[in-house]
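Asks: Got a predicted structure plus its sequence, pasted below:
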Amino acid sequence: MTTVRVRHGAAALAATAVLLSGSGALAPAAHAAPSPAPSPAVIPPGLYGTKDPTYDGVWRQSLAFMAQQVAGVEPSRTAVDWLLKQQCDSGGFASYRPAPATTCTPSTLLDTNATAVAVQALSGVDKPEAAEPGTDPVSKAMGAGAAWLKGVQNEDGGWGYNPGAPSDANSTSIVISALAATGHRPGEITSSGGKTPYDALLRFAIPCDARTGGGAFAYQPDAKTGALAANGDATAAAVLAGLGKDLQTRGARPEQKPTCESPATPTAERAARNGAAHLAGALAGSGHLDLPPMPGTTTTTPQPDVGNTADAVIALGAAGHIDRAEPAVTWLKKNSAAWAEENGPAAWAQLVLAAHTVGADARDFGGVDLVRKLNATGPAPASVPADPKEERPAQAAEEERGFNVWLAAGIFLVAGAGIGFLLSGRGRKGKR
């Protein structure tokens, strides 16, 4: 089975430190992966999973929270406290801090992706009582995290994996989704250069009439040629961001026909719908996305990408294409259990979130109770629903959230230089 290929798997950071897959460009040394934890076999109390958390501790914890929330499960207080202690005084999160009692220093490698997903995950956990609203530890952590994210926005309006790194579609998308999910208006957040996150996101969109990858998003423009290469992971993330939605979204109804259009004045919403159309086409044959060839290998046999297929299901559901996601859901039901068993909480969480988006039964997903499997990877939950199939009422109106709110706020802004920005760039597998 394949290893986890989600945007935030352990292999992702290690790969980022060596080579931007498919780009031929080395990652800047300043943004190399952190050193391994001193004792990776020792898992701190409260943390989900049993594998070395060096590269994905905060990510897998946060994904687990979000998946439990949509299933009506309240995470353990021990688990919530573990996540809170990972935050630095600045508001940012590293991928994992083995010694959270130690104060963060300027050399602590903070992570925009981990911070964004932690902020979103904390927004759904129960808040302890406080004298004044918003003064409890969870609310304060959310506010500090969002403020940190806004403070490290790149001049082009986007975000890179670490502060100061070049903007990429995955990081920009996860930050947009997290800010939108926690009540912010990303379209009103401007950089020192006067750019919004959507200005940055549109730079990674491939026009519909491109020879290959029309409608998709690239991870980044190619460092040498500026060409854009379609990237399934970046596309799935960008669809959610462009629609103003996040990983906990419900599928939009009624069903809509996926179309790809490149108007003279592009918008983030239109680019997101183009991305969904691309994913619908990519899943139409086999029902799954494929892993890109690994650098240095000669094999030509495509390998299924389970994690990004689950991401694509969420994106299609968010765009109102649940029927187009059905082949992928069927494929996942038959082929994902062993993959998730091997890769742990983040993998189980991805499957729970995918099932939730399209209305599939996460407690009987191809005969597997995904929620039970996820819960077993961490501390016993604080509470579970009396009816195992009961989901939180707040999630039932998820299709009404996000996109309509964004429209009302008027935040689908145009890229500053128009369609010209969409005609070139580079692609990489956005594994984080």
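Replies: Looks like it arrived, so ask away.
Asks: Tell me where the stretch 251-400 of the chain is predicted with low confidence.
Replies: Applying pLDDT under 70 to the stretch 251-400 of the chain flags residues 295-296, 299, 388-400.
Asks: Chain neighbours aside, what residue packs nearest to residue 57?
Replies: residue 96 (3.3 Å; C-beta to C-beta, 6 or more residues apart in numbering). C-beta coordinates here come from the backbone N, C-alpha and C atoms, glycine included.
Asks: could you pull out the strands for this structure?
Replies: 289-291, 303-305 (DSSP state E).
Asks: wait, which of the ones you listed is closest to residue 371?
Replies: Between residue 371 and the strands of the chain, the shortest gap by C-beta to C-beta is with strand 303-305, which sits at 23.3 Å.
Asks: Direction included, what does the closest one pair up with?
Replies: Paired neighbours of strand 303-305 in the sheet (DSSP bridges): strand 289-291 (antiparallel).
Asks: Would you mark the buried spots in the partner strand?
Replies: 289-291 (16 or more other C-beta atoms under 10 Å).
Asks: Redo the strands of the chain as TSV? Include distance to residue 105.
Replies: Below are the strands of the chain laid out as TSV (distance: least, C-beta to C-beta, whole Å):
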stretch	distance to residue 105
strand 289-291	37
strand 303-305	37
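Asks: and residue 82, which of those is closest to it?
Replies: Nearest of the strands of the chain to residue 82, taken as C-beta to C-beta: strand 303-305 at 29.6 Å.
Asks: So which of the strands of the chain is nearest residue 318?
Replies: Of all the strands of the chain, it is strand 289-291 that lies closest to residue 318, at 16.5 Å by C-beta to C-beta.
Asks: mind checking how far that closest one is from the chain centre?
Replies: Mean-position distance between strand 289-291 and its chain equals 17 Å (C-alpha atoms, centre = their mean, to the nearest Å).
Asks: what residue lies at the spatial centre of this protein?
Replies: Most central in the chain under C-alpha atoms, centre = their mean is residue 174, positioned 4.9 Å from the mean C-alpha point.
Asks: from what I can see it touches residue 116, true?
Replies: Yes: taking C-beta atoms under 8 Å as the definition, residue 174 is a contact partner of residue 116 at 4.7 Å.
Asks: quick one on the thing from earlier: so which of the buried residues of strand 289-291 is the closest to residue 385?
Replies: Closest to residue 385, out of all of these and judged by C-beta to C-beta, is residue 289, at 32.1 Å.
Asks: does the closest one really touch residue 307, like I thought?
Replies: No: judged on C-beta under 8 Å, residue 289 makes no contact with residue 307 at a distance of 9.1 Å.
Asks: what's the closest of the buried residues of strand 289-291 to residue 264?
Replies: Distance to residue 264 across the buried residues of strand 289-291 (C-beta to C-beta) is lowest for residue 289, with 30.7 Å.
Asks: Just grab the bridge partners of that closest one for me.
Replies: Residue 289 forms beta bridges with residue 305, as assigned by DSSP bridges.
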